[in-house]
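Q: sequence first, predicted coordinates after that:
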Amino acid sequence: MTLLKREEWQQFVRDVDWTPTYVDDEAIYPEWHSGTGKVPREAWLKWEESYKVSYPEYVTGQREKEAAAYAVKAALQRSSAFDNLDEGWKSATKMHFGGVGLAEAAAVLGELKMARFGLNGAWRNMAVFGALDELRHAQVTTFFGHEFISKDPQYDWTLKTYQTNDWVPIAARNLFDAMILTPNVVDLAIELPFTFETGFTNLQFVALSADALESGDVNFANMISSIQTDEARHSQQGGPTMEILVEHDPARAQWVIDRSFWGSARIFSALTGPAMDYYTPVEHRRQSYREFMEEWIVDQFIRTIEDYGLRKPWYWDEFMNGLDTWHHGLHLGLWYWRPTVWWKPKAGVSKDERDWLVEKYPTWEKLYGDKWDVMIDNINANNVEATLPETLPWLCSTCHLPCSIVTQSRSGVWRVRDWELDYDGRKYHFCTNACRQIFWKDRDNVNHETVIDRFLAGQIQPMDVGGILNYMGMTPDVMGDDPDYEAWTRDYVGRPTSGLAAPAGVVS
Amino acid sequence: MTTTELPLADQAPVVVPLQAIFATDFCPILVAVTTAHTIDEVAAEVARHVEGKRVRGLPYRKQVIFKGRVLPGEMTVAESGLSPLDHIAVEYDIPEGEATE
């Protein structure tokens, strides 16, 4: 018996659907999951993915990718490649393993929701492949990270991160719960495949892969670029969903893309910004974080919203200005509060590195140089203690990241400013105006308590640094520290200093 | 006589957590003071975390700014109107002509 050609049967199997006669359509596709809103039910009939795949093709293709990824891993496992990697670069990978590993598992749930409640047969089909993809990603990421635990206990946080109340997974959980787990599938398709996956993940999985190769980490580069080929397929659920939504409810399309673009931009400035501009050895940095953002995110995003007849988000100026500031402030925060993270934050401010930073970000020295100088001088005066925290940084009630953003007033003064909201008997503080605006509009969605909220409510005991680290699941063998203080402070030894804190126990 | 009927100065101190930013620091922090502290003591408590550690210490008096007003240094937190989770800025009181920014 000869098999039919794919073209002869594909259009049947990709879009299996029927009109239910035993139950109402509403019972199968309730509004709160399927989220059709103002879009007429029959409008979803024309949903069509650009790149079609059948199950046999999927299995063959994925099998080849898996074989290739694991072959490279096995080959490098027998080499000394890992031992020769830069410590700063390894921290970039630890951030990824811990911060992304189980986020992929959350994405499985998002894809399964679309597979069940998507309002078109072909969409549901694509989402099944999407769920298989994300399951693969969770598996690959956790398995690759697992290999290194015997060499470095921080890699144990590949699996542990999302099982703790460390402030980083709390921030990520707050974003992903609202983006993946709580929305109806129409909003989900705009937030996850359309905004987060089509744009932002390219930053972490393609652009960072370039830095990985430059840094000699072929294993990691291979892993993330292999993962991204799957992304390119299942992220295409966003486009056709957006096309239909824009036609019938452009205001909703605009809001959903705006809020998810902002949240994605905030989290990536914390994850990818420091990795690209500080942890990657300076000689291996292909481009700056800002340059990568402009190439992969900004240009593409503008083209996309023009294609769909949407407007630039209301916060666009605030976002564009943030390309010069957000990740620098977050890097400072990740370094200062390094005992709370599961990697070794490299300060990355030797004279050569500063020259690079100033070249890429002309305001860097004015906004951040002085803070680093004081910490450098403290370290050179043998007072590392002065560079360790005794209290919490303020965390934004929307993005849960430190409110470490400086802005310039009309008179030219740069300061961190407060964005406050008094609502329902509580005071909230935010890192930016846009985070406050999004919180207000989205206040009925998932909003986890920040670590500050929990601390003030007495959930963290004892109420001191030890109590906070314990609450976060931080253990001494994993606690972050700079891997090489001397590497970035030696350039400044012997310079005259003033205005430093007295070492503890010394009367100044 | 209940606590709320006692004059302010005689009431037991209550913890007042604040969001504070010190001068040119890069991030606001959580600081806990009490209603019995003076504003000068509040400034010192904020400075303890940042001055000389991240922001270079300067030889000027420090002042607390709340909702755009400079609070008198000898005033207590109870008298100042500061309440839990309020935002304050601590700045150096730099004489005219000596400003570095």
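A: All right, it came through fine. Residues are numbered from 1 along each chain as shown, chains lettered A, B, ... in the order given.
Q: only C-alpha atoms from now on, for both contacts and neighbour counts.
A: Noted.
Q: run a quick neighbour tally on A:Asp17.
A: Look at A:Asp17: counted by other Cα atoms under 10 Å in any protein chain shown, it has 14 neighbours.
Q: please read the previous query as pertaining to A:Asp277.
A: A:Asp277, neighbours per other Cα under 10 Å, totals 24.
Q: check what pLDDT A:Phe144 gets.
A: With respect to pLDDT, A:Phe144 scores 94.
Q: actually A:Met1, sorry about that
A: A:Met1 is assigned a predicted lDDT (pLDDT) of 64.
Q: so in the chain, which helix runs the longest?
A: Going with chain A. helix A:87-117 (DSSP state H).
Q: the chain in question should be chain B.
A: Among the segments of chain B that qualify as a helix by DSSP H, the longest is helix B:39-50.
Q: who are the packing partners of it?
A: strand B:15-22, strand B:29-34, strand B:62-66, strand B:87-92 (3 or more Cα pairs under 8 Å, 6 or more residues apart in numbering or on different chains; DSSP states H and E).
Q: do the second one and chain A meet?
A: Yes - part of strand B:29-34 sits close enough to chain A to count as contact by Cα under 8 Å from any Cα of the partner chain, namely B:Ile29, B:Leu30, B:Val31.
Q: what mean pLDDT does stretch A:110-126 have?
A: 97.
Q: and if you look at stretch A:176-185?
A: Rounded mean pLDDT across stretch A:176-185 is 94.
Q: same deal with stretch B:58-70?
A: On average, stretch B:58-70 scores 97.
Q: mind checking how far it is from the chain centre?
A: 8 Å (Cα atoms, centre = their mean, to the nearest Å).
Q: same question for stretch A:323-335.
A: For stretch A:323-335, the distance to the chain centre is 14 Å (Cα atoms, centre = their mean).
Q: gap between the helix or strand following the longest helix of chain A and the chain center?
A: Next in sequence after helix A:87-117, counting helices and strands by DSSP states H and E, comes helix A:121-146. Remark: helix A:121-146 is offset 18 Å from the chain centroid, using Cα atoms, centre = their mean.
Q: please name every helix or strand in contact with helix A:121-146.
A: helix A:87-117, helix A:157-160, helix A:218-234.
Q: put the alpha carbons of the last one into CSV.
A: Listed in CSV are the C-alpha atoms of helix A:218-234, where the atom choice follows Å, rounded to 0.1, in the frame of the first residue of the first chain:
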residue,chain,number,x,y,z
VAL,A,218,30.1,25.6,22.7
ASN,A,219,27.9,23.4,24.9
PHE,A,220,25.7,26.2,26.2
ALA,A,221,25.6,28.0,22.8
ASN,A,222,24.5,24.8,21.1
MET,A,223,21.8,24.1,23.8
ILE,A,224,20.2,27.5,23.5
SER,A,225,20.3,27.8,19.8
SER,A,226,18.8,24.3,19.4
ILE,A,227,16.0,25.3,21.9
GLN,A,228,15.3,28.5,19.9
THR,A,229,14.6,26.5,16.6
ASP,A,230,11.6,25.1,18.4
GLU,A,231,10.6,28.5,19.6
ALA,A,232,10.5,29.8,16.0
ARG,A,233,7.8,27.2,15.3
HIS,A,234,5.5,27.5,18.3
